[in-house]
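Novice: Sequence and predicted model, in that order:
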Amino acid sequence: EIMSIGLYFRIGYKFSDCLTLVIGNMYARASIQFLYALSVLSFVLIGSCWGLNGAAIGVVSAIILNYLMTTLLAWKILNFNLLAFAARHLKTFSIFLVGITLFKTLDLAVHIENILLSFVTSSCMYFLALGTVTVLCKRFLREELGVILLIMGRRQTHEAS
């Protein structure tokens, strides 16, 4: 559960990482990769004093640090609005909190002993919670849903119109 928190940031830094590869900024990328490796080692070593959960928190902390470093590098390259960037993340995180609260409420109400059946049921409940939040927050997710539709090929770009 702790490591799953890092997925959001890991996916995020992969985008910035691709950008640095495309423009050929290898030295900056290598420096960040070195600092990331050093932070993983350091944070896991420190976190391991509190057991496996502490080590997992150390890994997630290193992932978040790497995300911040790669995002700053992308900002230097693209010069985007950092406040708008932070606002988009705050919006997404708020919707995530609503979804995870709904999921955890459902998950606590259903107790299944069989691990496989529990996993399948939890996955279905998670997607139900995600779908519910998406429908309820559709108005706030207009841009994000538009990108998803564009990726799926169901929406024409403005240039093609």
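Specialist: Everything's here; your move. Residues are numbered from 1 along each chain as shown.

Novice: Could you list the low-pLDDT ranges of the protein?
Specialist: The chain contains residues with pLDDT under 70 at 99, 154-161.

Novice: can you map out the helices along it?
Specialist: 2-23, 26-47, 51-78, 82-109, 115-136, 142-151 (DSSP state H).

Novice: Which positions within the last one qualify as buried?
Specialist: Along helix 142-151, these residues count as buried under the neighbour rule (16 or more other CB atoms under 10 Å): residue 144. Backbone N, C-alpha and C define where each C-beta goes, glycine included.

Novice: Off-centre distance for stretch 49-61?
Specialist: 19 Å (CA atoms, centre = their mean, to the nearest Å).

Novice: Now do that stretch: everything it contacts.
Specialist: 2-3, 5-6, 9, 39-40, 42-48 (CB atoms under 8 Å, 6 or more residues apart in numbering).

Novice: Dump these into JSON lines; add distance to residue 116 and neighbour count as well.
Specialist: Output for the contacts of stretch 49-61, formatted as JSON lines (distance: CB to CB, whole Å; neighbours: other CB atoms under 10 Å):
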{"residue": "2", "distance to residue 116": "23", "neighbour count": "15"}
{"residue": "3", "distance to residue 116": "21", "neighbour count": "13"}
{"residue": "5", "distance to residue 116": "24", "neighbour count": "15"}
{"residue": "6", "distance to residue 116": "25", "neighbour count": "19"}
{"residue": "9", "distance to residue 116": "29", "neighbour count": "20"}
{"residue": "39", "distance to residue 116": "36", "neighbour count": "19"}
{"residue": "40", "distance to residue 116": "32", "neighbour count": "17"}
{"residue": "42", "distance to residue 116": "38", "neighbour count": "13"}
{"residue": "43", "distance to residue 116": "34", "neighbour count": "21"}
{"residue": "44", "distance to residue 116": "31", "neighbour count": "17"}
{"residue": "45", "distance to residue 116": "36", "neighbour count": "11"}
{"residue": "46", "distance to residue 116": "36", "neighbour count": "14"}
{"residue": "47", "distance to residue 116": "31", "neighbour count": "21"}
{"residue": "48", "distance to residue 116": "31", "neighbour count": "14"}
